[in-house]
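# Got a sequence here, can you model it:
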Amino acid sequence: MCTVCGCAESGDQSHAHHHEHEHAHPHEHEHAHSHAHPHTHSHAHPHTHSHAHPHTHSHAHPHSHEHEHEHEHEHDHAHAHSHDHVRAHDHSHDHGDHTGAAEPDASPHLDCGAGPAGVEVAGMSQRRLVEIETNILARNDAIAEGNRRRLEADGVLALNLVSSPGSGKTTLLVDTIRRLGAEGVGVIEGDQQTANDARRIRETGVPALQVNTGKGCHLDASMVERALPQVSPPGLGLLFIENVGNLVCPAGFDLGEDAKVVILSVTEGEDKPLKYPHMFAAASLMLLSKVDLAPHVDFDMDACEAYARRINPELEILRLSATSGEGMDAWLDWIDARREALRQRALSRARQHLAMLEQR
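Residues are numbered from 1 along each chain as shown. The predicted structure is shown next:
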């Protein structure tokens, strides 16, 4: 978790700064290196920078991010963060192993996540780590539920797009918007620095807000809460939240979305679902992207899908390519099905409310 691993300092401090310019910060951190000891966390004091093309800066404190030389500790522990968004959104923060990850490796290795907290911090007990995480997630989940109620009341389907850096999230999102049409679509873009991705999205004609997390490694519900008014034009029906590129920390943080969509490209390793089980356990859909490159890389798509379903048997999986167009129709159909399910839930609640009024 960020407060434990150093991504955010303790204390609830909120700093708001407003600048009338959009600037790219020279120290751009887009590392791809994943701590294999999952830790869930919250940014203790995000503060907002409002620019000409407004984007939010939430600065936490030193924390290393997802570097592509992955530390393979094969931890069989999970902050089992169960998000059942179609039903009652029951978030259980369990510190047990629910992922069905890879079989234990008999070779010597150092497992720093075997304790109840799933992470070790020098000078801090497991009990204290669990207490900190529980408090952080409780605050985040309360805000997330408020986001969800607002979005569902407005009939907005919110999808949280998560992946490693370089998986093709933004390219996929741009092509998705062009196929859907810009009307009724909004985007929240999460990155540590720069507003590059939000500018790419705005070129499609949709409102997009860049949220810069500074040294923070994921979006949280509070950031989304503050961003929503700026990406909610009249008639908004579909909100994409492109999270910071990271397969660890975003898994534990509910933003108020209807579903997490994890994107894994064929240019990555097919065993990533086993290395980062918490994200694949939390997702409703896995998009296996860049499949047009499959003939040119050593990647076993069938094995990847089998690994993912070992972690999450209910996970839906689609293969697609924004470059060739393969699988894009199936992706759009999936979005339409989620929107229809959202509409049906709203109708059901309305009928129940009407029935209650008639009984009075």
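# for E189, helix, strand, or coil?
Look at E189: counting by DSSP: H, G, I helix; E, B strand; the rest coil, its state is strand.
# Identify the bridge partners of it.
Judged by DSSP bridges, the bridge partners of E189 are Q210, E242.
# What distance do you get for it to E225?
Counting by C-beta to C-beta, to the nearest Å, the gap from E189 to E225 is 16 Å. Heads up, the C-betas are built off the backbone N, CA and C, glycines and all.
# again with I335
The span separating I335 from E225 equals 23 Å under the rule C-beta to C-beta.
# which residues of the stretch 201-350 of the chain fall in helices?
221-227, 272-275, 277-282, 301-311, 328-359 (DSSP state H, counting those that start in this stretch).
# How about the last one, which residues are buried there?
Residues of helix 328-359 classed as buried: M328, W331, W334, I335, R338, R339, L342 (neighbour count, 16 or more other C-beta atoms under 10 Å).
# For the protein, which element, helix or strand, carries the lowest mean pLDDT?
strand 16-18 (a mean of 37; mean pLDDT, DSSP states H and E).
# I'd like the average pLDDT over stretch 275-284.
Stretch 275-284 comes out with an average pLDDT of 97.
# before we move on, what about stretch 243-257?
Averaging pLDDT along stretch 243-257 yields 93.
# what's the answer for stretch 113-122, then?
Regarding stretch 113-122, the rounded mean pLDDT is 76.
# one step back: JSON lines for the helices of the stretch 201-350 of the chain, including distance to M124?
As requested, the helices of the stretch 201-350 of the chain are arranged in JSON lines below (distance: least, C-beta to C-beta, whole Å):
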{"stretch": "helix 221-227", "distance to M124": "24"}
{"stretch": "helix 272-275", "distance to M124": "25"}
{"stretch": "helix 277-282", "distance to M124": "21"}
{"stretch": "helix 301-311", "distance to M124": "29"}
{"stretch": "helix 328-359", "distance to M124": "40"}
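# thinking again about what came up before, more neighbours: E189 and E225, which one.
Set side by side, E189 and E225 show more neighbours around E189, with 32 against 16, by other C-beta atoms under 10 Å.
# gap between that one and R360?
46 Å.
# which regions of the stretch 251-360 of the chain sit below the pLDDT cut-off?
For the stretch 251-360 of the chain, not a single residue meets the criterion pLDDT under 70.
# Try it again at 90.
In the predicted model of the stretch 251-360 of the chain, residues 346, 348-360 satisfy pLDDT under 90.
# Then the stretch 101-250 of the chain?
Using pLDDT under 90, the flagged stretches of the stretch 101-250 of the chain are 101-138, 166, 182, 191-192, 213-217, 232-235, 249.
# and Y307, how many neighbours?
Residue crowding around Y307 was assessed by other C-beta under 10 Å; the count is 21.
# One more: the one 3 residues further on?
When counting by other C-beta under 10 Å, one arrives at 17 neighbours for R310.
# And A221, by the same measure?
As a burial measure, the neighbour count of A221 was computed by other C-beta under 10 Å and equals 23.
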